[in-house]
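Peer 1: Let me see the structure of the following:
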Amino acid sequence: MTSSLYTYTVPTYLKGLETLTLILKKAEEYAKENNIPLSEFVEARLYPNMLPLSFQVQSVSNTSKNSVARLAGTENVSMEDNEKTFEEFYDRINRTVEVIKAVDPKLFEGKEHTEFHVKIGSYESTFTGESYMNRFGLPNFFFHLNIAYAILRSKGVPLGKLDYLKHFNA
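Peer 2: Have a look, this model is predicted:
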């Protein structure tokens, strides 16, 4: 039997990474059609004091792979947060997918109530596997995926609701 932690996280993270790839591809097409340098999107922000698209892509990657490692009890695979081109974004996403797919679903079994401590920057908390998934891992993943979508939309990329949702329903 596959753990609910696996069932609710791994497929969702993989679908979200597909969505991220799709919206980046649409941004690339839009930039080409409109003679916009892709570098304009890489460092684009929704507001001056918010972090850029590059950070959002890195955070979608980090949140998904780190959450899977925490929930499965495996070693986190570290990646440098230095991507500055769309090619590097795609490479990062592909490496993240490989890392997530390599984790054995059986490692999630029985971890719903296992406690662990998380420290991210100045934020610290103790979670169970289930509370981490519901209150931090998935919400944080969707936050950064949504901000990436919003940044690209704010730059004129013709994205619609189905561009965001279609991979989650495939």
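Peer 1: Break down the chain into its helices, ranges please.
Peer 2: For the chain, the helices defined by DSSP state H cover 4-33, 39-42, 53-72, 86-101, 129-132, 138-154, 161-165.
Peer 1: so can I have a markdown table of these showing mean neighbour count and mean pLDDT?
Peer 2: All C-beta spots, glycine's among them, are computed from the backbone N, C-alpha and C. Below are the helices of the chain laid out as a markdown table (neighbours: other C-beta atoms under 10 Å; pLDDT from 0 to 100):
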| stretch | mean neighbour count | mean pLDDT |
| --- | --- | --- |
| helix 4-33 | 18 | 97 |
| helix 39-42 | 16 | 97 |
| helix 53-72 | 23 | 98 |
| helix 86-101 | 17 | 99 |
| helix 129-132 | 20 | 95 |
| helix 138-154 | 18 | 98 |
| helix 161-165 | 13 | 95 |
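Peer 1: Can you check which of the ones you listed gets nearest to Tyr123?
Peer 2: Of all those, it is helix 138-154 that lies closest to Tyr123, at 10.3 Å by C-beta to C-beta.
Peer 1: what about stretch 72-85, how long is it end to end?
Peer 2: 31 Å (C-alpha to C-alpha, to the nearest Å).
Peer 1: Tell me the buried residues in that stretch?
Peer 2: Ala72, Val77, Met79, Glu83 (16 or more other C-beta atoms under 10 Å).
Peer 1: Many thanks, I have nothing further to ask.
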